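In: just coords:
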């Protein structure tokens with residue numbers, strides 16, 4: 001929630017450390033931090049190539065390779081909303097050479113939806129760092145004149161008559177809307193889609209009263225006048241959509257629901273390896289070219305300590321638990 005944001009920001013000490021890392025040659029960093037890594041590091045991205053998590057992970061991997069002085073090799077392991085890739089990392093040797101570049105679903109939300117998961121994101125990983133958060137955006141067809149507040153009022157008056165689309169039951173977009181439903185005491189009609197493409201196409205075509213979208217596919221359609229952006233789900237306005245209000249600005253104080261990415265390694269990985277990897281990640285995150293990629297994805301670079309990320313994951317699972325239980329969300 002909003003009060004957590006300050007805890008996720010880098011401390012002044014971490015900022016100074018970043019500046020030092022960026023001025024050191026990889027060999028000097030290795031000398032300071034120890035022998036790890038002595039061979040290529042495998043970064044598991046549990047989604048197909050080309051999506052937001054993959055694009056962000058590849059940008060981080062390229063810069064991380066320079067800072068570690070070793071190749072960071074991307075391996076995409078999609079399937080089961082990220083759980084196949086995440087499980088493979090959880091079962092890997094705890095030596096720092098198999099690393100998860102995970103997202104909100106497999107690192108938090110799925111724990112609230114599936115009772116037969118083969119790993120627990122709260123206990124089966126050593127957290128390294130939260131990397132970035134990604135706001136979502138409520139959008140409506142351009143032809144619609146209703147504000148989000150007016151849509152909420154209509155949903156209160158006639159439950160299940162105001163439709164919204166998401167990329168699937170149990171997705172972050174679905175939970176973001178259900179959190180709004182809970183806080184607003186309004187009942188919307190959920191229409192799940194198979195991906196962002198069909199979702200935004202139906203929103204543009206006026207087949208939905210509104211949709212919950214990630215920022216990148218929505219921005220060009222908003223700028224072209226084909227969709228209207230109603231509100232962003234972050235606690236502060238999005239740099240990509242600076243004129244769009246937050247939910248707090250619409251009198252929903254405390255509302256915040258972001259997707260996010262972070263890095264974790266198998267449980268039992270030595271602390272010195274976790275810290276070495278974390279230092280490299282923070283250095284990569286501070287690089288201007290990496291930040292440019294993140295901005296293109298509508299992301300907010302964060303960075304954290306390992307313990308902050310551990311607590312963040314626990315809080316995200318607990319938040320998902322509350323939303324799933326109250327809304328009766330079922331996984332597809």
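Out: Yep, it's here. Computed from a predicted structure; not experimentally measured.
In: isn't residue 96 up against residue 268?
Out: No - taking contacts as Cβ atoms under 8 Å, residue 96 lies outside contact range of residue 268: 10.7 Å. Quick note: C-beta positions are derived from backbone N, CA and C, even for glycine.
In: what about the chain, any weak spots by pLDDT?
Out: Within the chain, the set of residues satisfying pLDDT under 70 comprises 1-34, 332.
In: more neighbours: residue 96 and residue 268, which one.
Out: residue 96 (20 against 11; other Cβ atoms under 10 Å).
In: just the element for the more buried one, please.
Out: Following DSSP states H and E, there is no helix or strand that holds residue 96.
In: check contacts around it.
Out: 36-37, 41, 265, 269-270, 273-274, 276-277 (Cβ atoms under 8 Å, 6 or more residues apart in numbering).
In: what about it, distance to residue 315?
Out: 26 Å (Cβ to Cβ, to the nearest Å).
In: what is the burial count for the nearest residue to residue 197 once chain neighbours are set aside?
Out: Leaving aside its sequence neighbours, residue 197 sits nearest to residue 217 (Cβ to Cβ, 6 or more residues apart in numbering; 7.5 Å). Counted with other Cβ under 10 Å, residues neighbouring residue 217 total 19.
In: pretty sure residue 256 sits against residue 234.
Out: Yes - using Cβ under 8 Å, residue 256 is in contact with residue 234, at 6.4 Å.
In: ranges for the helices of this protein?
Out: Along the chain, counting by DSSP state H, helices occupy 5-8, 12-23, 26-33, 52-68, 83-90, 104, 110-113, 148-157, 172-184, 196-204, 215-223, 271-286, 288-296, 306-327.
In: tabulate the ones you listed (CSV), appending distance to residue 238.
Out: As requested, these are exported to CSV (distance: least, Cβ to Cβ, whole Å):
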stretch, distance to residue 238
helix 5-8, 14
helix 12-23, 23
helix 26-33, 34
helix 52-68, 14
helix 83-90, 27
helix 104, 17
helix 110-113, 26
helix 148-157, 15
helix 172-184, 14
helix 196-204, 16
helix 215-223, 6
helix 271-286, 19
helix 288-296, 10
helix 306-327, 20
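In: which of the ones you listed sits closest to residue 130?
Out: Proximity to residue 130 (Cβ to Cβ) singles out helix 306-327 among these, at 4.7 Å.
In: how much space separates the one residue sitting closest to the centre of the chain from residue 65?
Out: Nearest to the mean C-alpha position of the chain, counting by Cα atoms, centre = their mean, stands residue 260 at 1.6 Å. Distance, residue 260 to residue 65, using Cβ to Cβ: 23 Å.
In: burial count for residue 48?
Out: Using other Cβ under 10 Å, residue 48 is surrounded by 12 other residues.
In: spatially nearest residue to it (excluding sequence neighbours)?
Out: Once flanking residues are discounted, residue 48 sits nearest to residue 78: 4.6 Å by Cβ to Cβ, 6+ apart.
In: shouldn't the one you found be in contact with residue 47?
Out: Yes - taking Cβ under 8 Å as the definition, residue 78 is a contact partner of residue 47 at 5.1 Å.
In: show me the common contact partners of these two, please.
Out: Common neighbours of residue 78 and residue 47, using Cβ under 8 Å, 6+ apart, are residue 85.
In: who's more crowded, the two?
Out: Taking other Cβ under 10 Å, residue 78 and residue 47 do not tie; residue 47 has more neighbours (22 against 16).
In: ok, the more buried one - contacts?
Out: 53-54, 76, 78, 82, 85, 103.
In: and if you look at residue 331?
Out: Residue 331 makes contact with 110, 113-114, 169-170, according to Cβ under 8 Å, 6+ apart.
In: what does residue 58 give?
Out: Contacts were defined as Cβ under 8 Å, 6+ apart; by that measure residue 58 touches 45, 74.
In: mind doing that once more with 6 Å?
Out: By Cβ atoms under 6 Å, 6 or more residues apart in numbering, residue 58 lies in contact with residue 74.
In: what of residue 124?
Out: 90, 267 are the contacts of residue 124 under Cβ under 6 Å, 6+ apart.
In: look up how far residue 202 lies from it.
Out: In terms of Cβ to Cβ, residue 124 sits 38 Å off from residue 202.
In: before we move on, what about residue 154?
Out: The gap separating residue 154 from residue 202 is 19 Å, by Cβ to Cβ.
In: same thing with residue 47?
Out: In this view, residue 47 and residue 202 are 23 Å apart by Cβ to Cβ.
In: what subset of the contacts of residue 96 is buried?
Out: Among the contacts of residue 96, those classed as buried by 16 or more other Cβ atoms under 10 Å are 36-37, 41, 265, 269, 273-274, 276-277.
In: what packs against the longest strand seen in the chain?
Out: Determined from DSSP state E, the single longest strand within the chain is strand 125-141. On a contact count with 3 or more Cβ pairs under 6 Å, 6 or more residues apart in numbering; DSSP states H and E, strand 125-141 meets strand 210-214, helix 215-223, strand 227-232, strand 258-266, helix 271-286, strand 300-301, helix 306-327.
In: for residue 150, which of these is the nearest?
Out: strand 227-232 (9.8 Å).
In: and that closest one with strand 125-141, angle?
Out: If you take axes from the mean of the first three to the mean of the last three Cα atoms, to 10 degrees, strand 227-232 sits at 130 degrees to strand 125-141.
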